[in-house]
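Colleague: missing the sequence, but the structure's below:
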Ligand SMILES: Nc1ncnc2c1ncn2[C@@H]1O[C@H](COP(=O)(O)OP(=O)(O)OP(=O)(O)O)[C@@H](O)[C@H]1O
């Protein structure tokens, strides 16, 4: 146990703390970089130049320095950084720390894996230290992250570099015990959290108070500020004090980040260290794009894995269901490397466990975008394989950013469908150095046949495959960027077969006939409706699957059923509308409170008629709207149908009852047997046992037609006794005769 420190020692250390803070503040003030300047452009300080106070009023320069030790940081933090192995600063740290340490708001963008975490953790720790923040002061800093895993990693870095500081820090993320968090949340100085969980505490935890907040950090700011978190983040920000330092970091600077900057940042420093090279991906990252038809994606992935059995491969697919199917199916095919999967539907603890396993050994991790942002795989991912096209360039950058972290090298490959080639242009527009390659199909191993066999053998795999198929197609259908994602160009049947499915699942929202170019007939429920030009999807000039100009615009949707008679009217009514308009089902509002018999009925001219007048009309006039003979025929048919159904039901019912009876008898029999066995265990003499057996054989029957058997045996007993009687009579007679 530690010896309690003496009062004098505590006083002395408090004095040195006060002196240190005073010195740091003067040093920071003295060397403040110009607002808007880029410390990276300053010449680096000579290695042996003095650090800290030089004389009474002179301090060393810190803007432009390259090492953490040259910064005006507390001794506690310098020790923490050194012990965690951090010596030289990365560019984003060099560019942002001098500004952040003097209390400025920061809007920082830097490549993935470039060290943004330390760029905000250091100012947080220093700000609270200089404010002499203590336990009783409550929440001093909030660090928000979009995902739990990322929050957990930030927490890890904070614990490591801040271990010599006395702050209490807590992780507030979903999947953790909420009630337990409630008790200690008020005692935490630094909160690392996901937006949802923080808001929950703000709303429900008594006395939870952030009114003294000093620093707010948004990591992966673009993601936190996008539509998904908008409500939560706005609600949180409205409860925070305006007077605070705000640090926003992300790999890509988006408009919404700037929007937030306008809302709450005060003269922020825009720090984009990669602006000169523009590309948001590291130079150490080799990036390839290959053209893979949809029905060959799994073959390609399988062949790739087989060719890289000694690597750590992170595979991105677009949905949880695909991740689950590919993981389960490939696991059964045993490629010779451990396979793992991770998606948002998994419990937090499991996700953490999988991540840890993945970084420890060579393996393949199938994942959704849940692991595409911010996760630091300890420089350990060799390959990032994007099997499904990312939503946009930002998403691409985040995915490939899981490899080539800090100073390590990495490789990535993106599979693009012929219809998704526009994505290549988008990447090149953003100056992302991707290399387009043709895949080596000589080494391609086909797995679709194997998958079909697997699906037949493991019945639980088939629904997984079906769901994977459906979610993939739906994800393409729902994508906003129709220039890249065009569901009409997917070879649906071939894709289904490539997953091993015996039949293509039904996709209700797609009109299959329109998609299938081999069956150019008209969709049955889609009458030819003139379509306004502006509603037709513009054709892409560089689409490999381009259709001819003359072709009718594709109709992807099912139409509301239109009967022969209605068809003309429907067309007339919607003359100038695009086809899609017709398909929207009109929601019928039923007023359940309407008094009975008050329904409004219209005549042919559109005049309202009194309720039920139309029916009365039918009975009184010859021009009946309903043909009576037809109605009677219909009723006769219905009666016939009901009769046959009734018969079928009866047969079924009889069968069910019989089965039930048999089951019950078997149950009785088993119970009896058990009883008898118990009795057998008691002291039975041999003869008694035999007797019992004989008795039992008379009582129990095994066959289904039990009653018949019983009758037969009864008959048999009668016959025997009769024969015996006859024999006895004969004997008697012969004895009498003799
Ligand atoms: N100054 C440094 N010296 C050595 N290693 C560093 C330094 N700064 C960061 N690193 C290491 O670089 C890796 C990436 O850092 P970090 O996770 O902070 O990157 P990031 O920019 O936040 O990435 P992302 O955008 O993907 O979230 C980590 O393993 C971290 O330990």
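Modeller: Perfect, thanks for sending it. Note that this is a predicted model, so its numbers are computed, not measured. Numbering: from 1, shown residues only.
Colleague: ranges for the helices of the stretch 201-350 of the chain?
Modeller: Counting by DSSP state H, counting those that start in this stretch, the stretch 201-350 of the chain has helices at residues 221-224, 230-238, 255-264, 297-307, 320-333, 348-360.
Colleague: Just say which of these is most tucked in.
Modeller: Comparing the helices of the stretch 201-350 of the chain by mean neighbour count (mean count of other C-beta atoms under 10 Å), helix 221-224 comes out on top with a mean of 26. Every residue, glycine included, has its C-beta placed from N, CA and C.
Colleague: same for that one, what does it pack against?
Modeller: The helices and strands touching helix 221-224, judged by 3 or more C-beta pairs under 8 Å, 6 or more residues apart in numbering; DSSP states H and E, are strand 245-250, helix 255-264.
Colleague: Could you give the average pLDDT over the last one?
Modeller: It stands for helix 255-264. Computed over helix 255-264, the mean pLDDT rounds to 58.
Colleague: where in the chain is pLDDT low?
Modeller: 1-15, 47, 175-176, 253-264, 274-280, 371-379, 406-407, 511-628, 674-738 (pLDDT under 70).
Colleague: try it again with 50
Modeller: For the chain, the stretches flagged by pLDDT under 50 are 1, 276-278, 513-586, 588, 611, 613-625, 678-719, 738.
Colleague: For it, which helix extends over the most residues?
Modeller: helix 628-681 (DSSP state H).
Colleague: for residue 64, helix, strand, or coil?
Modeller: Under DSSP: H, G, I helix; E, B strand; the rest coil, residue 64 falls in the coil class.
Colleague: Not counting sequence-adjacent ones, nearest residue to it?
Modeller: Nearest in space to residue 64, with sequence neighbours left out and distances taken as C-beta to C-beta, 6 or more residues apart in numbering, is residue 42 at 3.0 Å.
Colleague: got a list of what that neighbour touches?
Modeller: By C-beta atoms under 8 Å, 6 or more residues apart in numbering, the residues touching residue 42 are 33, 61, 63-64.
Colleague: nearest to the ligand, of those residues?
Modeller: Distance to the ligand, by C-beta to the nearest ligand atom, is smallest for residue 64 among these, at 16.0 Å.
Colleague: Tell me how many other residues surround that closest one.
Modeller: 19 (other C-beta atoms under 10 Å).
Colleague: Let me see the contact set for it.
Modeller: Contacts of residue 64 (C-beta under 8 Å, 6+ apart): 39, 42-45, 94, 98.
Colleague: Check residue 305 too.
Modeller: Residue 305 neighbours (C-beta under 8 Å, 6+ apart): 313, 330, 335, 337, 364.
Colleague: How much space separates the closest residue to the third one other than its chain neighbours from the ligand?
Modeller: Leaving aside its chain neighbours, residue 335 sits nearest to residue 305 (5.0 Å; criterion: C-beta to C-beta, 6+ apart). For residue 305, the distance to the ligand equals 24 Å [C-beta to the nearest ligand atom, to the nearest Å].
Colleague: One more: residue 413?
Modeller: 19 Å.
Colleague: In a markdown table: the contacts of residue 305, plus distance to residue 183.
Modeller: Output for those, formatted as a markdown table (distance: C-beta to C-beta, whole Å):
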| residue | distance to residue 183 |
| --- | --- |
| 313 | 42 |
| 330 | 44 |
| 335 | 47 |
| 337 | 45 |
| 364 | 41 |
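Colleague: Using neighbour counts, trim these to the buried set.
Modeller: Among the contacts of residue 305, those classed as buried by 16 or more other C-beta atoms under 10 Å are 313, 330, 335, 337, 364.
Colleague: Identify the farthest-apart pair in the residues you listed.
Modeller: Spatial extent of these (C-beta to C-beta) is set by the pair 313 and 330 at 11.6 Å.
Colleague: any shared contact partners between those two?
Modeller: In contact with both residue 313 and residue 330: 305, 364, using C-beta under 8 Å, 6+ apart.
Colleague: Can you report how many residues neighbour residue 645?
Modeller: Neighbour number of residue 645 under other C-beta under 10 Å is 10.
Colleague: All further residue positions should be reported with the first residue as 253.
Modeller: Taking 253 as the first residue, the last one we looked at is residue 897.
Colleague: For it, give me its contacts.
Modeller: For residue 897, no residue meets the contact criterion (C-beta under 8 Å, 6+ apart).
Colleague: how much space is there between it and residue 585?
Modeller: To residue 585, residue 897 is 47 Å away according to C-beta to C-beta, to the nearest Å.
Colleague: Likewise for residue 378?
Modeller: 53 Å.
Colleague: what packs against the helix or strand that contains residue 729?
Modeller: Using DSSP states H and E, residue 729 sits in helix 713-730. Applying 3+ C-beta pairs under 8 Å, 6+ apart, one finds that helix 713-730 makes contact with helix 572-585, helix 700-709, helix 744-750.
Colleague: now those helices as CSV including distance to residue 486?
Modeller: Shown next, in CSV, are the helices and strands packed on helix 713-730 (distance: least, C-beta to C-beta, whole Å):
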stretch, distance to residue 486
helix 572-585, 28
helix 700-709, 46
helix 744-750, 40
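Colleague: The stretch 303-452 of the chain: strands as residue ranges?
Modeller: Using DSSP state E, counting those that start in this stretch, the strands of the stretch 303-452 of the chain run over residues 305-307, 310-311, 358-361, 393-396, 421-424, 442-445.
Colleague: nearest to the ligand, of those?
Modeller: strand 358-361 (9.4 Å).
Colleague: strand partners of the closest one, parallel vs antiparallel please.
Modeller: strand 497-502 (parallel), strand 521-524 (parallel) (DSSP bridges).
Colleague: quick one: which of those is nearest residue 421?
Modeller: Closest approach to residue 421 among the strands paired with strand 358-361 is made by strand 497-502 (16.4 Å; C-beta to C-beta).
Colleague: do that closest one and the ligand meet?
Modeller: No: Strand 497-502 lies apart from the ligand when judged by C-beta under 6 Å from any ligand atom; the minimum separation is 7.1 Å.
Colleague: Report how many residues lie close to the residue lying closest to residue 301 once chain neighbours are set aside.
Modeller: Of all residues not flanking residue 301 in the chain, residue 312 sits nearest, at 6.4 Å (C-beta to C-beta, 6+ apart). When neighbours are counted by other C-beta under 10 Å, residue 312 registers 18.
Colleague: got a list of what residue 312 touches?
Modeller: Residues near residue 312 by C-beta under 8 Å, 6+ apart: 279, 283, 297, 301-304, 306, 322.
Colleague: out of those, which are inside helices?
Modeller: Filtering the contacts of residue 312 for helices - DSSP H - leaves 279, 283.
Colleague: is it possible to export the contacts of residue 312 to TSV including neighbour count and distance to residue 373?
Modeller: TSV is the format used below for the contacts of residue 312 (neighbours: other C-beta atoms under 10 Å; distance: C-beta to C-beta, whole Å):
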residue	neighbour count	distance to residue 373
279	23	20
283	19	21
297	18	23
301	12	26
302	14	27
303	18	21
304	13	22
306	13	28
322	20	18
